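> Sequence and predicted structure, then a few things I'm wondering about:
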Amino acid sequence: MQLHTLKKSAEFKRVRGGQRAATNAFVIEGNLRPHDLHTDRTTARFGFVVTKKLGNAVVRNKARRRLKAVVRSLDAGALVPGYDYVVIARSEAVSVPFATLAADFRRALEKIQRQAERVHEGEAGEAVRGASRSNRSMKTGTDAPERVQAAALDRSSSR
């Protein structure tokens, strides 16, 4: 599989606030790419973050190479087209066996996909619930708050 990467800081920031899955070796954040961007929405893109806290350049590059190798080893069906992912390396990314790293990565991607499905189902549910609320207010009439206010005035005037 060909690896498409995020390059600009704005692309990394756009992923923040999306779905998230964490393991001992890395954290993955994923978010749907906006429609207004002029990018190919048939592929998933990855960005890799390896901070200096992890170690010197040799250690950081090893962690990045291992995580990129895991992504390349994935089958295309494991990724959601049109999604951007940011992989944040942790210290275990260097020492954990590659098979474990790959299995954890697949599980984390599945978790992100489940979260994304729930979010999209929730948005659809909000649209349906919102429509039913507006229908309810039309059934009760627009003067419902006025009737409540009038009833409160009647009670206060009878005292």
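The structure has been received and is ready for your questions.

> For this protein, just list every one of the helices.
Ranges of helices in the chain, per DSSP state H, are 9-15, 57-73, 92-95, 98-140, 144-157.

> worst average pLDDT in those helices?
Lowest mean pLDDT within the helices of the chain: helix 144-157, at a mean of 53.

> which residues touch stretch 14-22?
6, 27-34, 47, 84-86, 107-109, 111-112, 115-116, 119 (Cβ atoms under 8 Å, 6 or more residues apart in numbering). C-beta: built from backbone N, CA, C; applies to glycine.

> Tell me the buried residues within those residues.
6, 28-33, 47, 84-86, 108-109, 111-112, 116 (16 or more other Cβ atoms under 10 Å).

> Okay, buried residues for stretch 81-92 please.
Gly82, Tyr83, Asp84, Tyr85, Val86, Val87, Ile88, Ala89, Arg90.

> could you dump those to TSV with pLDDT and distance to Lys13?
Shown next, in TSV, are these (pLDDT from 0 to 100; distance: Cβ to Cβ, whole Å):
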residue	pLDDT	distance to Lys13
Gly82	83	18
Tyr83	88	16
Asp84	91	11
Tyr85	93	14
Val86	95	9
Val87	96	15
Ile88	96	13
Ala89	97	18
Arg90	96	21
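
> what's the closest of those residues to Ala63?
Proximity of those to Ala63 (Cβ to Cβ) peaks at Ala89, which lies at 4.3 Å.

> how about the closest one, what does it touch?
Ala89 touches Ala25, Phe26, Phe48, Val49, Val50, Thr51, Leu54, Arg60, Ala63, Arg64, Leu67, counting by Cβ under 8 Å, 6+ apart.

> Buried subset of those residues, written for PyMOL?
The following PyMOL line selects those of the contacts of Ala89 that are buried, judged by 16+ other Cβ under 10 Å:
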select buried, resi 25+26+48+49+50+54+60+63+64+67
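
> Could you verify my assumption that Arg72 touches Phe46?
No - contact criterion Cβ atoms under 8 Å: Arg72 and Phe46 do not qualify, at 9.8 Å.

> These two - which one has more neighbours?
Of the pair Arg72 and Phe46, Phe46 is the one with more neighbours under other Cβ atoms under 10 Å, namely 21 against 11.

> That one reaches Lys7, doesn't it?
No - using Cβ under 8 Å, Phe46 is not in contact with Lys7; the gap is 11.0 Å.
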